[in-house]
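A.B. asks: below is the sequence, then the predicted model.
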Amino acid sequence: MPPHHTAPRVAPTARPRLRRLQLALATALPLCLIGPGAYASPVGDDDELAMSYSEALNVSIATGSPQTLRRAPAVASVITAADIVAMGATDLDQILETVPGIHVNRTPNSNSPIYVIRGIVSAFNPQVLMLQNGIPITTAYIGNKGNLWGGYPVEHIARIEILRGPGSALYGSDAYAGVINIITKSAAEVGGTELGLRAAGYSSGDLWFQHGGKIGPVALATYLRYGQTDGNHSLVEVDAQTRNDKLFNTSASLAPGYTNNQVKAVDANLDAQAGAWRARFGYKRRYDMGSGLGIASALDPDSRQQSERLTGSLSWADAQLARDWGAGATLSSQQYAQEIPTWYHLMPAGLVYPTGAFPNGMIAAPETWERTVRASAYADYSGWQLHRIRLGLGHDDIDMYRTREYRNFNYASNGMPIPLPQVIETSSSTPFIRPQRRHINYLYLQDEWNLAADWNLTAGLRHDRYSDFGSTTNPRLALVWDASYDLTAKLLYGRAFRAPAFVESYGISNPVALGNPLLKPERNATTELALAWQLSTNASVNLSLYHYMMHDIIRTVPNPVAGTGATYANTGDQHGDGAELEGKWMLSPALQFSGNYAWQRSIDQRTGTDAGGAPRQHLLGRADWSFAEDYQLGAQINHVAGRRRAAGDARAALADYTSTDFTLATRYGRQHWNYTLALRNAFNANVREPSPAPGLSLPGDIPMPGRTISLQASYQM
């Protein structure tokens, strides 16, 4: 086994000297990483001291093995089930908005969330890797978590681990701006039976059931949930068809009109564990789902879409397989489908183009079916003194095995749509994309080296070979110094990549964005400096500074033949700098304050201007007060500021906003009902997220919900 690294013992007489060291570190942070270790005391076991300084909070996303959050070789955050309850969150998006360096944007298309990490914004958010229980839930067509996302419930979440910064040395593609790992509850974490229901604004409601227990040697956790909402009915004054009406002297636009954000949801999970074996199954269906502000940014109140995701995994892990050896393996699968039972009206009835009239509107229904199978294994070796080596390998089989589209138009050579007499299936004649398959083989090596007292160096390297575009290799280095029992400094470097999605490489019939099979991966290199300071047993502060360089960004550019639309290409570079500061202060056992502040600048190197869409400043503050033993009151302020437009977008910068949330909850324990009352955006701030540049389609941006109230009741047995 590797040496047990615990907090150093410090004699009482040494504490004044340590306080002087802390002051020096706070005023000259770079010296933290190059100064001598004269002030560090010998490593020893002191569990009581470690617990008093919050060392019990572990994270596994940084290396694949549990480590204390403070010493993890990454900038990471952990949100626990207790945190989720305290903030009264009902969806994953509400949780992620509270994490330093993350802001949740939206797409007009289906109202899908975009998790903007450190200012990296794109249309469909493939630069963030989403994991569920450590397994990617990436979809092949768009390359993200799925555009028909429709929210993610939180009652069955045990914890969320977030890695801000590159993670490709461990996780491969899409671990580019960051990694989000949703870990669902085990039987022990559910610990009985819970029934719950919730009602909220916009005709929203949820019912759920979860149970955790044992059947013989098998520990079982089950979860079932049904939910529905009409979504926020925000008014849209001007849409894409408004501009067409002005150009072609028509009056087809449905604007002013309201967003179409309704959705119905079914979620189910089963977790079975016996000894070293664990099987998990998940089902996520979203149906009767609206198209947001329209697939083509023209209001479409009648179309409906649906997605279905079925996941399964079987894993085995033994940390004590043999002397100095641990090992594990996982086999997983994901079935994912996006279907359009009520066809999209990309543009409304009465549309007229120079190529012809569309009396019934411009209709389309692109559909995809995917199957992904992943197999992976790893071995840990700790027999080499002061080192812990992890070797891992895997194979992914990504198969978009079926595609289909209905539409009532084709395209002219200049990219303009030509009306057809009726809606036809174009899958065999002019498909939007054909079925595609991709194989990935990868190998990674990681060494956690305790190179000196209180110094640890984590080095990793991963090589991925893709069947369609070739190979990529990505390293990481992380130097962690325990400067004292309450101060840890980190210097981090990592490279990451994002593989082209199938639509970017193989899209066929849409001249607005034709695929390019010669695409290479996007690349990103990030350097970070981080400081974790436990001011006292009741207060802590974390600071991280970062710089990244992005290359070979995949964007659309004009086709070589003039007047024929655009195609995807590796073009453009971007660099970013930022700082993230977060702190917690427990004023008393009943009162806690927490908050974070993020500052960033992301610059498009071609234009020398802000890359656009992300807040330059993001401030969040929260207070939680437990009173009368069984009641908890929470208040949260979220301030988003400094959002600029991308180059070519002449609109004024988005207005800053401040939203305020309140939560009142009971905590009676088992054999009792618990209640949560939440008021979000209490003062009805005008919250808008950026619509895509250049803003000609939705100049008023994307309106978000105003004041909403929800009441939740759950009974635990």
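C.D. replies: Received it, and whenever you're ready, just let me know what you need.

A.B. asks: and the host helix or strand of L331, what does it pack onto?
C.D. replies: For L331, the element it lies in under DSSP states H and E is strand 325-342. Other elements packing on strand 325-342 under the criterion 3 or more CB pairs under 8 Å, 6 or more residues apart in numbering; DSSP states H and E are strand 304-322, strand 362-381. Any C-beta I mention is one placed from the backbone N, CA and C, and that applies to glycine too.

A.B. asks: pull the distance from the last one to the chain's centre.
C.D. replies: Same thing as strand 362-381. What separates the centre of strand 362-381 from the centre of its chain is 17 Å, taken as CA atoms, centre = their mean, to the nearest Å.

A.B. asks: the very next helix or strand once past it - what's its average pLDDT?
C.D. replies: Sequence-wise, the next helix or strand downstream of strand 362-381 (DSSP H and E) is strand 387-411. Average pLDDT, strand 387-411: 97.

A.B. asks: same check, this time on stretch 111-131
C.D. replies: Here stretch 111-131 scores 96 as its mean pLDDT.

A.B. asks: can I get the CA coordinates of it in PDB?
C.D. replies: Provided in PDB are the C-alpha atoms of stretch 111-131 (Å, rounded to 0.1, in the frame of the first residue of the first chain):
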ATOM      1  CA  ASN A 111     -33.900  25.500 -24.300                       C
ATOM      2  CA  SER A 112     -31.000  23.100 -23.700                       C
ATOM      3  CA  PRO A 113     -28.500  24.200 -21.000                       C
ATOM      4  CA  ILE A 114     -24.900  25.200 -21.900                       C
ATOM      5  CA  TYR A 115     -22.500  24.700 -19.000                       C
ATOM      6  CA  VAL A 116     -20.000  27.500 -19.600                       C
ATOM      7  CA  ILE A 117     -16.800  26.700 -17.700                       C
ATOM      8  CA  ARG A 118     -14.100  29.400 -17.500                       C
ATOM      9  CA  GLY A 119     -15.500  31.400 -20.400                       C
ATOM     10  CA  ILE A 120     -15.500  28.600 -23.000                       C
ATOM     11  CA  VAL A 121     -18.800  29.000 -24.900                       C
ATOM     12  CA  SER A 122     -20.000  27.100 -28.000                       C
ATOM     13  CA  ALA A 123     -23.400  26.400 -29.600                       C
ATOM     14  CA  PHE A 124     -23.900  22.900 -28.300                       C
ATOM     15  CA  ASN A 125     -21.400  22.600 -25.400                       C
ATOM     16  CA  PRO A 126     -19.300  19.600 -26.500                       C
ATOM     17  CA  GLN A 127     -16.300  20.900 -24.600                       C
ATOM     18  CA  VAL A 128     -17.700  19.700 -21.200                       C
ATOM     19  CA  LEU A 129     -17.600  16.000 -20.500                       C
ATOM     20  CA  MET A 130     -20.700  14.700 -18.600                       C
ATOM     21  CA  LEU A 131     -20.300  11.500 -16.600                       C
END
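
A.B. asks: in it, which residues are buried?
C.D. replies: Neighbour-count burial for stretch 111-131, counted by 16 or more other CB atoms under 10 Å, picks out 111-131.

A.B. asks: out of the residues you listed, which sit inside strands?
C.D. replies: Of the buried residues of stretch 111-131, the ones assigned to strands by DSSP state E are P113, I114, Y115, V116, I117, V128, L129, M130, L131.

A.B. asks: how about the one helix or strand T488 maps to: buried residues?
C.D. replies: Assigned by DSSP H and E, T488 belongs to strand 487-498. Of the residues in strand 487-498, L487, T488, A489, K490, L491, L492, G494, R495, A496, F497, R498 count as buried by neighbour count, 16+ other CB under 10 Å.

A.B. asks: how about those in JSON lines, adding pLDDT?
C.D. replies: Compiled in JSON lines, those are given as follows (pLDDT from 0 to 100):
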{"residue": "L487", "pLDDT": "97"}
{"residue": "T488", "pLDDT": "97"}
{"residue": "A489", "pLDDT": "98"}
{"residue": "K490", "pLDDT": "98"}
{"residue": "L491", "pLDDT": "98"}
{"residue": "L492", "pLDDT": "98"}
{"residue": "G494", "pLDDT": "98"}
{"residue": "R495", "pLDDT": "98"}
{"residue": "A496", "pLDDT": "98"}
{"residue": "F497", "pLDDT": "98"}
{"residue": "R498", "pLDDT": "98"}
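
A.B. asks: which two of those residues have the greatest separation?
C.D. replies: L487 and R498 (35.0 Å; CB to CB).

A.B. asks: count the neighbours of R651 for me.
C.D. replies: R651: 15 surrounding residues under other CB atoms under 10 Å.

A.B. asks: so which strand or helix has the closest residue to P589 other than its chain neighbours?
C.D. replies: Residue nearest to P589 in three dimensions, not counting chain neighbours: S626, with 7.7 Å by CB to CB, 6 or more residues apart in numbering. Element membership of S626 [criterion: DSSP H and E] is strand 617-627.

A.B. asks: highest average neighbour count across the helices and strands packed on strand 325-342?
C.D. replies: Greatest average neighbour count among the helices and strands packed on strand 325-342 goes to strand 362-381 (a mean of 19), per mean count of other CB atoms under 10 Å.

A.B. asks: rewinding a little: reformat the helices and strands packed on strand 325-342 as a markdown table; add mean pLDDT.
C.D. replies: As requested, the helices and strands packed on strand 325-342 are arranged in a markdown table below (pLDDT from 0 to 100):
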| stretch | mean pLDDT |
| --- | --- |
| strand 304-322 | 97 |
| strand 362-381 | 98 |
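
A.B. asks: distance to L270 added to those strands, as TSV?
C.D. replies: Formatted as TSV, the helices and strands packed on strand 325-342 follow (distance: least, CB to CB, whole Å):
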stretch	distance to L270
strand 304-322	9
strand 362-381	19
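
A.B. asks: go through those strands and name the closest to D577.
C.D. replies: Of all those, strand 362-381 sits nearest to D577, with 34.6 Å by CB to CB.

A.B. asks: helices and strands around that closest one, which ones?
C.D. replies: On a contact count with 3+ CB pairs under 8 Å, 6+ apart, strand 362-381 meets strand 325-342, strand 344-347, strand 387-411.
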